[in-house]
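[1] Let me see the structure of the following:
(2 chains)
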Amino acid sequence: QKEVEQDPGPLSVPEGAIVSLNCTYSNSAFQYFMWYRQYSRKGPELLMYTYSSGNKEDGRFTAQVDKSSKYISLFIRDSQPSDSATYLCAMSYGGATNKLIFGTGTLLAVQP
Amino acid sequence: DTAVSQTPKYLVTQMGNDKSIKCEQNLGHDTMYWYKQDSKKFLKIMFSYNNKELIINETVPNRFSPKSPDKAHLNLHINSLELGDSAVYFCASSQVRRDRKAFFGQGTRLTVV
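    Numbers count the residues shown, from 1 in each chain, chains lettered A, B, ... in the order given. Just a heads-up that it's a prediction; the model follows:
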């Protein structure tokens, strides 16, 4: 079993829809949770960053962390064609090494 | 200003050759990484350096040798390239003492033929 599970999609939605992306994980020691967006042939770009449980909002993006259920989510409101990309969740135990464990990524296509 | 830059962007080479990828960060971060992304887009850490000291080596064949001449640079040298080494290699950096945000370069697409 992988440490971080993520539905690879693809996920296709119409423009303006609310998108929900999710990851589950098995190790309760994870403390830092991130979402990265990766456009085709580009590097991952940090989108959202959360420490421990709770919600964080940034514009059209909301990240949620539920440590009791070992479940994290990214919501995108009013989705735009420019949101079409692969979304990767990532987690870290903390400590000196800061190794990021990634999910496999979800490919999102927002149709105009 | 590019925060994390790596060169070259594309690398096509024959099996058995030796090649290097270079990475530089201008963020003043204390930790740098190499990640490998396979054909299914799965990203996995290979190495991590903190203040020029190797702190993570994730069961990578010893044909891969990272070198950090200073805190802002981390290079990756690969000996005797194999077909299975074809992937996209990403350099990243973070300031571990401050937070866990890692910033990635644009990647080097390595194709071994």
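[2] Count the residues that sit near A:Asp58.
    10 (other C-beta atoms under 10 Å in any protein chain shown). C-beta: built from backbone N, CA, C; applies to glycine.
[3] OK, contacts around it?
    A:47-48 (C-beta atoms under 8 Å, 6 or more residues apart in numbering or on different chains).
[4] and what of A:Glu45?
    A:36-39, B:104.
[5] One more: B:Ala3?
    So B:Ala3 contacts B:25-27, B:93, B:103 (C-beta under 8 Å, 6+ apart).
[6] In which helix or strand does residue 46 reside?
    Using chain A here. strand A:45-51 (DSSP states H and E).
[7] wait, I meant chain B there
    Per DSSP H and E: strand B:43-50 holds B:Met46.
[8] Adjacent strands (with direction) for that strand?
    strand B:31-37 (antiparallel), strand B:53-57 (antiparallel) (DSSP bridges).
[9] Spell out which parts of chain A neighbour chain B.
    A:8, A:32, A:34, A:36, A:38, A:41-46, A:49, A:51, A:86, A:88, A:90, A:92, A:94, A:96-100, A:102, A:104-105 (C-beta under 8 Å from any C-beta of the partner chain).
[10] picking up where we left off before, between the contacts of B:Ala3, which sits nearest A:Lys56?
    Set against A:Lys56, the nearest of the contacts of B:Ala3 by C-beta to C-beta is B:Phe103 (18.2 Å).
[11] Name the spans of the chain whose pLDDT lies under the cut-off.
    Chain wasn't specified; assuming chain A. Nowhere does chain A drop to pLDDT under 70.
[12] Sorry, I should have been clearer: chain B.
    Residue ranges of chain B with pLDDT under 70: B:1.
[13] now the residue lying closest to B:Thr13 once chain neighbours are set aside: how far from B:Leu81?
    Once flanking residues are discounted, B:Thr13 sits nearest to B:Lys19: 5.5 Å by C-beta to C-beta, 6 or more residues apart in numbering or on different chains. Distance of B:Lys19 to B:Leu81, given as C-beta to C-beta, to the nearest Å: 6 Å.
[14] Please identify the buried residues of the strand holding A:Leu46?
    A:46-50 (16 or more other C-beta atoms under 10 Å in any protein chain shown).
[15] need those in a markdown table with distance to B:Tyr10, can you?
    Formatted as a markdown table, the buried residues of strand A:45-51 follow (distance: C-beta to C-beta, whole Å):
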| residue | distance to B:Tyr10 |
| --- | --- |
| A:Leu46 | 24 |
| A:Leu47 | 26 |
| A:Met48 | 30 |
| A:Tyr49 | 30 |
| A:Thr50 | 35 |
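[16] quick one: contacts for the residue sitting furthest away from the middle of chain A?
    Most distant residue from the mean C-alpha position of chain A: A:Ala96, 23.2 Å away (C-alpha atoms, centre = their mean). For A:Ala96, the contact set (C-beta under 8 Å, 6+ apart) comprises B:50, B:55, B:96.
[17] quick one on the thing from earlier: buried subset of the contacts of A:Glu45, written for PyMOL?
    Selection of buried members from the contacts of A:Glu45 for PyMOL, criterion 16+ other C-beta under 10 Å:
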select buried, (chain A and resi 36+37+38) or (chain B and resi 104)
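[18] All set now, cheers.
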